[in-house]
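# mind folding the following:
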Amino acid sequence: MIVARDWLKKIREENGLTQAEVAKQLGIVQPSYQAIESGKTIYPNAKTAIQLGKLLGFRWTRLYEETEDPDDEVEG
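Residues are numbered from 1 along each chain as shown. Here you go, the predicted model:
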């Protein structure tokens, strides 16, 4: 199962960051971040999810929700 995370790519791009830049700030390699963003990694570890939420300004638990609702608001 792949969980669509177009919202995550949009937030990253709005923050002016590349996948490689986000991965570096999280202390992971770019392919690992790409797997989170693409939905191939459905449930990233909590530490990474929390750091990612803080970095990009969204509620980190959103990564564990299986929603594709485009109207789901971003929270800081």
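# show me which helix runs longest in the chain.
helix 46-56 (DSSP state H).
# show me what it is packed against.
Other helices and strands packing on helix 46-56, by 3 or more CB pairs under 8 Å, 6 or more residues apart in numbering; DSSP states H and E, are helix 6-14, helix 19-26. Any C-beta I mention is one placed from the backbone N, CA and C, and that applies to glycine too.
# pLDDT of that helix, averaged?
The pLDDT scores in helix 46-56 average 98.
# swap in stretch 24-35?
For stretch 24-35, the mean confidence score works out to 97.
# rewinding a little: now what about the longest helix of the chain, what contacts it?
8, 11-12, 15, 17, 22, 25-28, 36, 44, 59-64 (CB atoms under 8 Å, 6 or more residues apart in numbering).
# what do you get for stretch 26-38?
Here stretch 26-38 has contacts from 2, 5, 8-9, 12, 19-20, 22-23, 41, 44, 48, 51-52, 55, 63, using CB under 8 Å, 6+ apart.
# please repeat the previous calculation with a cut-off of 10 Å.
2-9, 11-12, 18-25, 40-45, 47-49, 51-52, 55, 63 (CB atoms under 10 Å, 6 or more residues apart in numbering).
# which among those end up buried?
By neighbour count, with 16 or more other CB atoms under 10 Å, the contacts of stretch 26-38 hold 3, 5, 7-8, 11-12, 19, 22-23, 41, 44, 48-49, 51-52, 55, 63 as buried.
# reformat the helices and strands packed on helix 46-56 as JSON lines; add distance to Ser32.
JSON lines is the format used below for the helices and strands packed on helix 46-56 (distance: least, CB to CB, whole Å):
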{"stretch": "helix 6-14", "distance to Ser32": "14"}
{"stretch": "helix 19-26", "distance to Ser32": "7"}
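# for Leu55, give its distance to Gln34.
When distance is defined by CB to CB, to the nearest Å, Leu55 is 16 Å away from Gln34.
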